[in-house]
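**Q** have a look at this prediction, sequence included:
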Amino acid sequence: MPRGEVIVNSELCKECSLCVVACPQDVLAIGKAINSKGYHSVEAVAPEKCTGCTLCAVMCPDVVLTIRRKSPERK
Amino acid sequence: MNTVFQKPETLTDVQMHYCPGCTHGIIHRLVAEAIDSLGVREQTVGVASVGCSVFAYDYFNCDMQQAAHGRAPAVATGIKRVLPESIVFTYQGDGDLASIGMAEIVHAAARGENITVIFVNNAIYGMTSGQMAPTSLLGQKTATSPRGRTVEEMGYPIKVCELLATLDGPAYLTRVSTHDSRHVLQAGKAIKKAFEIQQQKKGFALVEVLSTCSVNWGMTPVNALKWMEENMVPYYPLGVYRDVTAKEGN
């Protein structure tokens, strides 16, 4: 079970790749599907590696990404 | 799973018209997050500039006013003085603020006007397709300096933070960058502080945010971030140029 989850709003994506470069776990890549503006939207190609660190979303200029994270277990 | 990152309330659902990878989108979001976190959306009035960010009024989910080219600090002054309890910010590019609007920004800063200015410096005129700006770097090729900017013909780039730091009026002046996630997070903190300074009625706050213009620089968005880090950051040093709260030990 991955620690984090990245949700992509493909319609807003402009294929700039800033999130792909920002991800330290190589979770994201530019996909093959084309959105209504004609861009290849980013997709999570390795979702199991996502830690929910939000660095991809921090670099996204178009707020394409929503990030969910497992709440840390408190001891 | 908890949602740890989502679109801030202060941004509307309208899709931004900016080119792919334009850091305007990042800076819009940082401003919106700052307004959200301070809980002042209902009392905030933004003033949009002329330039690529002219449509900012469509993207910010707060009251917005459009100003004539370069006159955003003058319009913001009027709004703030009539509605002193409102939070007033301007969002201006380098063509707007450092070229045609230089008089307005210098005098607003000198008066210590209690407003927040977000100054987006991408070293080029973006909207009019890549002419040389007052902030274009020496040697930088633009539509109007095709062989690169030279001192003999075009003089030196203007460093706005350093220039305003010679005045006694400003309360907070800082320069931040958006070339990687760490710097974007730092930029977010600086923008939030610039709004807090206004909330505390301490006076004029300006955050200069180094930004990319990948289309007019002729690069991919990823290479533009690298170019900004390697060329703009050395000429426009990041850091705090004035902070009145530091003197008070806060």
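**A** Nice, thanks for sending it over.

**Q** what about the helices in the chain?
**A** I'll assume chain A. Here chain A has its helices, by DSSP state H, at A:18-22, A:55-59.

**Q** you answered for a different chain; I wanted chain B.
**A** B:24-38, B:56-59, B:72-82, B:94-95, B:102-110, B:151-154, B:160-164, B:181-199, B:214-217, B:221-227, B:233-235, B:244-247.

**Q** which of these sits most buried?
**A** The highest average neighbour count among the helices of chain B, using mean count of other CB atoms under 10 Å in any protein chain shown, belongs to helix B:94-95 at a mean of 27. The C-beta positions use only the backbone N, C-alpha and C, and glycine is treated the same way.

**Q** give me the most central residue, chain B.
**A** The centre of chain B sits closest to residue B:119, judged by CA atoms, centre = their mean, with a distance of 2.1 Å.

**Q** what's near enough to touch the closest residue to residue B:235 other than its chain neighbours?
**A** Ranked by CB to CB, 6 or more residues apart in numbering or on different chains and with sequence neighbours excluded, the top spatial neighbour of residue B:235 is residue B:137, at 5.8 Å. By CB atoms under 8 Å, 6 or more residues apart in numbering or on different chains, residue B:137 lies in contact with B:123, B:149, B:157, B:231-232, B:235.

**Q** how about the residue nearest to the centre of chain B, nearest residue that isn't a chain neighbour?
**A** In space, and not counting its chain neighbours, residue B:119 is closest to residue B:208: 4.6 Å by CB to CB, 6+ apart.

**Q** what's the answer for residue B:73, then?
**A** Of all residues not flanking residue B:73 in the chain, residue B:108 sits nearest, at 3.7 Å (CB to CB, 6+ apart).

**Q** for that neighbour, list the residues it contacts.
**A** By CB under 8 Å, 6+ apart, the contact set of residue B:108 is B:73-74, B:76-77, B:115, B:117, B:204.

**Q** go again with 7 Å.
**A** B:73, B:77, B:115, B:204 (CB atoms under 7 Å, 6 or more residues apart in numbering or on different chains).

**Q** now do residue B:245
**A** Neighbouring residues of residue B:245 by CB under 7 Å, 6+ apart: residue B:202.

**Q** quick check, pLDDT for it.
**A** If you check residue B:245, the pLDDT there is 93.

**Q** swap in residue B:249?
**A** Taking residue B:249 on its own, its pLDDT is 54.

**Q** alongside chain A, which residues does chain B contribute?
**A** B:1-7, B:11, B:15-16, B:18, B:20-26, B:29, B:181, B:184-185, B:221-222 (CB under 7 Å from any CB of the partner chain).

**Q** where does pLDDT dip in chain A?
**A** Applying pLDDT under 70 to chain A flags the ranges A:73-75.

**Q** now with 80?
**A** The model of chain A has pLDDT under 80 over residues A:1, A:72-75.

**Q** chain A versus residue B:143, what's the distance?
**A** Distance of residue B:143 to chain A, given as CB to the nearest CB, to the nearest Å: 23 Å.
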